[in-house]
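> below are the sequence and a predicted model for it; my questions follow.
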Amino acid sequence: MLILVAALFVILGGSAVFTNALEHLGERLGLSAGVVGSIFAAVGTALPETAVPLVAVATGRGAAGHEIGVGAILGAPLMLATLAFFLLGTMALIRRGPRAAVDPEPTGLRRDLRVFLLAFVLAVVALYIPHEMRWVRAVIACALVALYVSYLWRTVRASKALVAEGHGTEADRPLLAGRIGLPTGAAVTTLQLVVGLGLIVAGARGFVVGITGISHAIGLSPLFLALAIVPFATELPEKMNSLLWIARGRDTLAVGNVTGALVFQSTLLPALGVLLTPWEPRFDVRLAMGITLIAGAWLLVLSRAKRIPAVALVLNGAAYAVYFAILLAHG
């Protein structure tokens, strides 16, 4: 338990350092808040978690390795679409009151969610492609990678117009490195960004150690561990960035950090799963993917409103509660 508490403080400190540097870097480069949140923040904090399925598939032996790989691939988007948005809504309610709303830049939000849902539907289709038809699976995997490349291009291309419309990244606080006497140029800003990310990763690793130790002590299966525990320990702590941004009224950065990670985790990693793991329609897998799609569709419906009620985001946590209850009941 002490490891978990210490890890949480490291993550919080790292998140403050990381978000501060990222805001200054985005402002210096003249990028929109959507690009900074959906690409730089999302990929930067999601990359460490990519190692879990990669290592599991590459070095895991037999069925256990494949189960951990598939679970880690699917557990991340499940957590992001449900619990991450639950936490954003909860933070908004705490900071802004019972009638709080979250107000991200709408075009980027809808683009992220549409790409995510399309990619995840392709991943679901791949579940039912027989292993003998490897070329079809390969085509789907290539389509998922191409979808992410296209997403990056469209997001960056839209940045200039969004900056002109007033959605540029602005740093409202001095660079933290400047407070200790360092120059506030591009090199120091980048160094602070790397230090912040390093602290987040170190804290997340400590969180993983604590959570994994507890899960092993109560005897959980590899797939359950990978679906429910590993993403909880790796994805959610690193989304502290979004909670800090929500608390400071930076809704586009906060939401983009989550939706951008959703796109990343629903394209490149499922492509790996389709090619290198059994990727079969087991009950646990179908349940996780079904709940994720429902939560994502709900978010897309919400994105059509001018402002998203925070209470509506809190409902995404109920989707995860339903998933967890069914998973436990099924055994």
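Nice, I can see it.

> element containing residue 200, please.
helix 186-217 (DSSP states H and E).

> tell me where this structure has strands.
With DSSP state E as the definition, the chain shows strands at residue ranges 101-102, 308-309.

> contact partners of the first one?
Surrounding strand 101-102, the residues in contact under the criterion Cβ atoms under 8 Å, 6 or more residues apart in numbering are 88, 89, 92, 246, 251, 254, 255, 307, 308, 309, 310, 313. (Glycine included, C-beta is placed from N, CA and C.)

> among those residues, who's most crowded?
residue 255 (31 neighbours; other Cβ atoms under 10 Å).

> how far away is that one from residue 299?
Residue 255 is 9 Å from residue 299, where distance means Cβ to Cβ, to the nearest Å.

> can you check residue 246 too?
In this view, residue 246 and residue 299 are 15 Å apart by Cβ to Cβ.

> and residue 316, by the same measure?
7 Å.

> between the two, what contacts are shared?
With contacts taken as Cβ under 8 Å, 6+ apart, residue 316 and residue 299 have 81, 85 as neighbours in common.

> show me where this structure has its helices.
Here the chain has its helices, by DSSP state H, at 2-29, 33-35, 42-59, 62-79, 85-96, 106-127, 134-162, 186-217, 222-224, 230-238, 240-247, 251-276, 283-302, 310-330.

> could you dump these into TSV with distance to residue 174 and mean pLDDT added?
Shown next, in TSV, are the helices of the chain (distance: least, Cβ to Cβ, whole Å; pLDDT from 0 to 100):
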stretch	distance to residue 174	mean pLDDT
helix 2-29	9	72
helix 33-35	19	69
helix 42-59	22	62
helix 62-79	33	73
helix 85-96	22	94
helix 106-127	27	94
helix 134-162	25	88
helix 186-217	11	72
helix 222-224	46	62
helix 230-238	24	64
helix 240-247	16	85
helix 251-276	18	88
helix 283-302	34	93
helix 310-330	30	89
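
> contacting residues around the residue lying closest to residue 300 once chain neighbours are set aside?
Spatial nearest neighbour of residue 300, chain neighbours left out: residue 113 (4.6 Å); criterion: Cβ to Cβ, 6 or more residues apart in numbering. The neighbours of residue 113, taking Cβ under 8 Å, 6+ apart as the test, are 259, 262, 296, 299, 300, 303.

> and with 7 Å instead?
Applying Cβ atoms under 7 Å, 6 or more residues apart in numbering to residue 113 gives the contacts 259, 296, 299, 300, 303.

> next: residue 307.
Contacts for residue 307 (Cβ under 7 Å, 6+ apart) come out as 101, 103.

> what separates it from residue 257, distance-wise?
19 Å.

> check contacts around residue 77.
120, 262, 265, 266, 292.

> how about a cut-off of 10 Å?
Neighbouring residues of residue 77 by Cβ atoms under 10 Å, 6 or more residues apart in numbering: 84, 116, 119-120, 123, 231, 235, 261-267, 269-270, 288-289, 292-293, 295-296.

> what does residue 183 give?
Going by Cβ under 10 Å, 6+ apart, residue 183 touches 175, 177, 189.

> how about residue 88?
Residues near residue 88 by Cβ under 10 Å, 6+ apart: 102, 104, 239, 242-243, 245-246, 251, 254-255, 257-258, 308, 310, 313-314, 316.

> go on, residue 255?
Residue 255 touches 33-34, 37-38, 84-85, 88, 102-105, 108-109, 112, 242, 245-246, 299, 303, 308, 313, counting by Cβ under 10 Å, 6+ apart.

> all good on my end, thank you.
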